[in-house]
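A.B. asks: What follows is a predicted structure for the sequence shown.
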Amino acid sequence: MIGTIGHLPYILVAIMVSICIYAALFKSNLFKKMLAIFLLTDAVNLLYILQGYRSGSAIPPIIPPGMDPSEFASIAVDPLAHYFVVTAVVIGLAEVATLTALIIYTYKYYGTMETKKIKELRG
Amino acid sequence: MNILLIHAPILAMLLSLLGSFLCVAIGMFSGRRAVELFSGIFTTASMIFSLLTVINVFLIDGPYVYYMGGWPPPVGIPYVIDRFSAPMSLVVSVIFSTTMIYSMRYIERDRDVKWYYSLRFLMQAGMYGLLFSGDMFHIFVMLELMGLSAILLVPFRKEVKASVEAGIKYGIYDILAISIYYLSTAMVFGMFGSMTIAEIAAKLGGYESPFSGGMFAGPSALPVIVALIVWSFTIGSAIVPQHFWLPDAHSMAPSSISAILSGLLVQVNIAVLARILFDGFAAGSIQGSALGLYLLVILGTISCLAGAAFMLVQSDIKRLIAYSTITNLGFITIGFGIGTSLGASAAYLHIINHAFVKASLFMIAGVFIHATGSRDIRALRGISKALPGTSSLYTVGTLAAIGFPPLNMFWSKLLLILSVLSAGGAYSYLVLPMVVAIVFESIAQIRLLAIIYSGEKRAVNCHPSTSVILSIGAMIGIIIVTGLVPNLLFELSGLAAGDLLNVDGYIDLVLNSLEYPTP
């Protein structure tokens, strides 16, 4: 599969994932942490789409009558990857809502989004 | 096969999902009593269906696979109802039912209880899904269901400043863990072209699927996938380098939720990790998976030592119990990590015993906190004279937690130590850190008991109501009764570990009835 579109998009995904995990763990701003987590999800969505992609394919993922299945599989885009991504995007919405609500409350109580200044609980 | 028995586990889960929506609808039009009555009925019904599942799996039909919507794998989602998942689903149901009775009086001073019960139902449905699921992507969805509802329940008392802080801390790290798991599912999809755990295992053994063929790539990426999965689930189950959210979240949540988080949520994470590592990646036989098991043993050892050490310096009763959870999670991880059949059965038994013990301890801690108005353990001085019944229940729970014979956790700790000793090689030395952890934990717990029984009688704000005492008493009753039948426990956990470690049997169970034409 990699041969069809080259390595470059995969390397892009790897860089994106690394930056996002770094930011989610080491940035001290809660909002930046949240953005990093959602960008991580998006990077994985991109990885899914890349795996389902067939370069130069122009036919919808419905098998035409009389076509050989293996030939069809090599030129049609894999719809399964899209299904995963659509599910994950919907779930991501719930994540955004949850974390945003919590961050708003944190900001209301502490007046800051810096994790270093939020120290009601000892480690 | 009886049609009701086949559908029982799915009905338990669907009732929880349905209950979650109906709770909010009922709460909008009528009072809190109606919501409580409704939740009680639905939780009890779920428990009955789980009980039917266990009876079916152990006594009537044996393990089977439920095809969601009638679609067989790899197209549909298989629910594997075997002797590993069914008893744990019953434990989930029992603890949700007892905390349901407990919640009725425990959260009566809070507003918006309909959201509380609704989120509880969502978490319950997520746990059933995680335990039964045989599909990597479905596990991701169910992790989100369980995780998001837990994240929202931790700061349920949102007027308390610190609970919001605990909630955001838990939220960030749990969602990060789930996102990392999502990354690993993408890599699994690219490598195997299938999300069904049984198919992954079969393809590693050279199987050609009628839909997606064999593996798309060599096994070189396998260590990365296993490492990502282990990383994500060790955040979710608070194994030591990533444990920092657990004491905050478990101590700031309402006690009825702490009981569920500490008794079930983290253990369900470990059970799913064991399912994926042992069945999906056929642990031990493949280099990548063996790496995962070594990681589990190392992290588990650090975890049980660090958790026990932190217990000694706690002055907050719920934080003390939360650190005890970290210690016990370390034991469970070691049990799965050594990879033998005895180790897996010991870990499985410890999961079940620990669930009841820890849930009852948190429920009693909630009673103490209501009575004294403080979370500090020094405020508990003399409480045994004011609340003698609750204190004696707490004593039984604590004795079970430190492994006092013949209570239930004695047997699982004994089995764990025996399994480590019989694993051979360097693993035998693990007995040393485990004993040190057990001793530290005992010192911390007995110190707390001594404080409870010392001092003069103190004034209390309120006495626990009958329903609260009944729900706690039921849990303590389970602890005592299960401690009296160790043979039954050993047999049960042996069967569960057998189902977990028998990869060929698992593949057979999930894939054997593929009776559709190949494309």
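C.D. replies: Perfect, thanks for sending it.
A.B. asks: count of neighbours near residue B:481?
C.D. replies: 10 (other C-beta atoms under 10 Å in any protein chain shown). Yep, even glycine has a C-beta here, placed from its N, CA and C like the rest.
A.B. asks: where does chain A come near chain B, residue by residue?
C.D. replies: Taking C-beta under 8 Å from any C-beta of the partner chain as the measure of proximity, chain A contacts chain B at A:1, A:17, A:21, A:24-25, A:30, A:33-34, A:37, A:40-41, A:43-44, A:47-48, A:51, A:69, A:80-81, A:84, A:87-88, A:91, A:94-95, A:98-99, A:102-103, A:105-106, A:109-110, A:118, A:120-121, A:123.
A.B. asks: ranges for the strands of chain A?
C.D. replies: Secondary structure of chain A by DSSP state E: no strands are present.
A.B. asks: Please name the residues that touch the closest residue to chain A within the stretch 201-350 of chain B.
C.D. replies: Residue of the stretch 201-350 of chain B nearest chain A, by C-beta to the nearest C-beta: residue B:248 (4.8 Å). Counting by C-beta atoms under 8 Å, 6 or more residues apart in numbering or on different chains, residue B:248 makes contact with A:121, B:162, B:165-166, B:169-170.
A.B. asks: Low-confidence ranges, chain B, go.
C.D. replies: B:1, B:283-289, B:513-519 (pLDDT under 70).
A.B. asks: What are the boundaries of the strands in it?
C.D. replies: Counting by DSSP E, the strands of chain B are B:64-67, B:78-81.
A.B. asks: In terms of secondary structure, what does the last one contact?
C.D. replies: Same thing as strand B:78-81. Here strand B:78-81 touches helix B:3-29, strand B:64-67, helix B:113-132, helix B:503-511, going by 3 or more C-beta pairs under 8 Å, 6 or more residues apart in numbering or on different chains; DSSP states H and E.
A.B. asks: Name the residues that touch the last one?
C.D. replies: Looking back up the chat, that one is helix B:503-511. Contacts of helix B:503-511 (C-beta under 8 Å, 6+ apart): B:63-65, B:73, B:78, B:80, B:82, B:134, B:196-199, B:201-202, B:205, B:207, B:278-279, B:282, B:499.
A.B. asks: Same check on the shortest one?
C.D. replies: Under the criterion C-beta under 8 Å, 6+ apart, residues B:1, B:6-7, B:9-10, B:57, B:73, B:76-82, B:132, B:134, B:509-510, B:513 lie in contact with strand B:64-67.
A.B. asks: Grab the CA positions of it and hand them over as PDB.
C.D. replies: These are the backbone C-alpha positions of strand B:64-67, laid out as PDB (Å, rounded to 0.1, in the frame of the first residue of the first chain):
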ATOM      1  CA  TYR B  64     -20.200 -18.900  23.100                       C
ATOM      2  CA  VAL B  65     -19.900 -15.900  20.700                       C
ATOM      3  CA  TYR B  66     -22.700 -13.400  20.100                       C
ATOM      4  CA  TYR B  67     -22.600 -11.900  16.700                       C
END
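A.B. asks: circling back to that earlier point, farthest pair in the contacts of residue B:248?
C.D. replies: B:162 and B:170 (12.4 Å; C-beta to C-beta).
A.B. asks: and these two? which has more neighbours close in?
C.D. replies: residue B:170 (27 against 16).
A.B. asks: Ignoring the adjacent residues along the chain, who's closest to the more buried one?
C.D. replies: Closest residue to residue B:170 apart from its sequence neighbours, by C-beta to C-beta, 6 or more residues apart in numbering or on different chains: residue B:249 at 4.0 Å.
A.B. asks: list the contacts for that neighbour?
C.D. replies: By C-beta under 8 Å, 6+ apart, the neighbours of residue B:249 are B:154, B:166-167, B:169-170, B:261.
A.B. asks: Just the ones in helices from the residues you listed, please.
C.D. replies: Using DSSP state H, B:166-167, B:169-170 are the members of the contacts of residue B:249 that sit in helices.
A.B. asks: quick one on the thing from earlier: can you check which of the helices and strands packed on strand B:78-81 gets nearest to residue B:377?
C.D. replies: Closest to residue B:377 of these is helix B:113-132 (C-beta to C-beta; 27.2 Å).
A.B. asks: one step back: of the residues of chain A next to chain B, grab the buried ones for ChimeraX.
C.D. replies: Remark: buried members of those, expressed as a ChimeraX selection using 16 or more other C-beta atoms under 10 Å in any protein chain shown:
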select /A:1,17,21,24,30,33,34,37,40,41,43,44,47,48,51,80,81,84,88,91,95,98,99,102,103,105,106,109,110,118,121
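A.B. asks: Please identify the residues of the stretch 101-250 of chain B in proximity to chain A?
C.D. replies: B:137, B:140-141, B:144, B:148, B:151-152, B:155, B:158, B:161-162, B:164-169, B:171-172, B:175-176, B:179-180, B:182-183, B:185-187, B:189-190, B:216, B:244, B:248.
A.B. asks: Distance-wise, check residue B:221 relative to residue A:81.
C.D. replies: Residue B:221 sits 17 Å away from residue A:81, going by C-beta to C-beta, to the nearest Å.
A.B. asks: quick one: low-confidence ranges for chain A?
C.D. replies: A:1-4, A:56-58, A:121-123.
A.B. asks: And the helices in it?
C.D. replies: Along chain A, the stretches classed as helices by DSSP H are A:2-5, A:8-26, A:30-52, A:69-75, A:79-110.
A.B. asks: Tally up the residues packed near the closest residue in space to residue B:464 that isn't next to it in sequence, please.
C.D. replies: The shortest distance from residue B:464 to any non-neighbouring residue, by C-beta to C-beta, 6+ apart, is to residue B:367 (4.7 Å). Residue B:367 has 28 neighbours, counted by other C-beta under 10 Å.
A.B. asks: So residue B:367 sits against residue B:461, correct?
C.D. replies: No: between residue B:367 and residue B:461 there is no contact under C-beta atoms under 8 Å: 11.0 Å.
A.B. asks: For stretch B:61-73, buried residues please.
C.D. replies: B:63-66, B:68, B:72-73.
A.B. asks: Run a quick neighbour tally on residue A:20.
C.D. replies: 23.
A.B. asks: so who does residue A:40 touch?
C.D. replies: Neighbours of residue A:40 in contact, by C-beta under 8 Å, 6+ apart: A:16-17, A:20-21, A:24, B:176, B:179-180, B:183.
A.B. asks: before we move on, what about residue B:8?
C.D. replies: B:49-50, B:52-53, B:56.
A.B. asks: Repeat that for residue B:145.
C.D. replies: Contacts of residue B:145 by C-beta under 8 Å, 6+ apart are B:122-123, B:125-126, B:129.
A.B. asks: Check the gap between residue B:491 and residue A:69 for me.
C.D. replies: Residue B:491 is 49 Å from residue A:69, where distance means C-beta to C-beta.
A.B. asks: Which residue is the nearest non-sequential neighbour of residue 12?
C.D. replies: You didn't say which chain, so I picked chain A. residue A:46 is the one closest to residue A:12 (C-beta to C-beta, 6+ apart), at 7.8 Å.
A.B. asks: Not quite, go with chain B.
C.D. replies: If the residues on either side of it in the chain are set aside, residue B:12 comes closest to residue B:49, at 3.9 Å by C-beta to C-beta, 6+ apart.
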